[in-house]
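Undergrad: Model the structure of this input:
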Amino acid sequence: QVQLVESGGGLVQAGGSLRLSCGASRSISFRHLAWFRQAPGKEREFVAGVTNDGNIADYADSVKGRFTISRDNAKNAVFLQMSSLKPEDTALYYCQETWRAGSKWNPKHNSWGQGTQVTVSS
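TA: Numbers count the residues shown, from 1 in each chain. Coordinates of the predicted model:
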């Protein structure tokens, strides 16, 4: 199982931007990867996913047009550029290897990393 470490979170005002990074312990070239988030008192939810070759990216409706997922297989890293942030984007953000079936991105593993906290003030 690949180990994934998230970073880049922080406190930002509404309308601001952040770029999250996720570094992997081994090659990600053959892995679909996705970002998920969990807000206090809510279930973890899918945010954005990208296929192993980077050719297909998919987004939750709530972040479409504001977030962009990308990856650098040579650096074993995946990124989430977040713009026009809203208070409702406040959550702990995780990256995870996923299965992909059409528009469904399902976590491949039961264990999760520490995540990175994003807090958006109004």
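Undergrad: Let me know the outermost residue of this structure.
TA: The C-alpha centroid of the chain is most remote from Ser122, which lies 22.2 Å away (Cα atoms, centre = their mean).
Undergrad: Could you give me the buried positions within the longest strand seen in the chain?
TA: The longest strand of the chain (DSSP state E) is strand 91-101. Of all the residues in strand 91-101, those buried under the rule 16 or more other Cβ atoms under 10 Å are 91-98, 100. Backbone N, C-alpha and C define where each C-beta goes, glycine included.
Undergrad: Please report phi then psi for the most centrally placed residue in the chain.
TA: Closest to where the C-alpha atoms of the chain average out (Cα atoms, centre = their mean) is Trp35, at 2.1 Å. Here is the backbone geometry of Trp35 (degrees, to the nearest 10): phi -100, psi 140.
Undergrad: where exactly do the strands run in this protein?
TA: Per DSSP E, the chain carries strands over the ranges 4-7, 10-13, 18-24, 32-38, 45-50, 57-59, 67-72, 77-82, 91-101, 104-107, 116-121.
Undergrad: want to try a markdown table for these, with mean pLDDT as columns?
TA: Shown next, in a markdown table, are these (pLDDT from 0 to 100):
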| stretch | mean pLDDT |
| --- | --- |
| strand 4-7 | 97 |
| strand 10-13 | 98 |
| strand 18-24 | 98 |
| strand 32-38 | 98 |
| strand 45-50 | 98 |
| strand 57-59 | 97 |
| strand 67-72 | 98 |
| strand 77-82 | 98 |
| strand 91-101 | 96 |
| strand 104-107 | 95 |
| strand 116-121 | 98 |
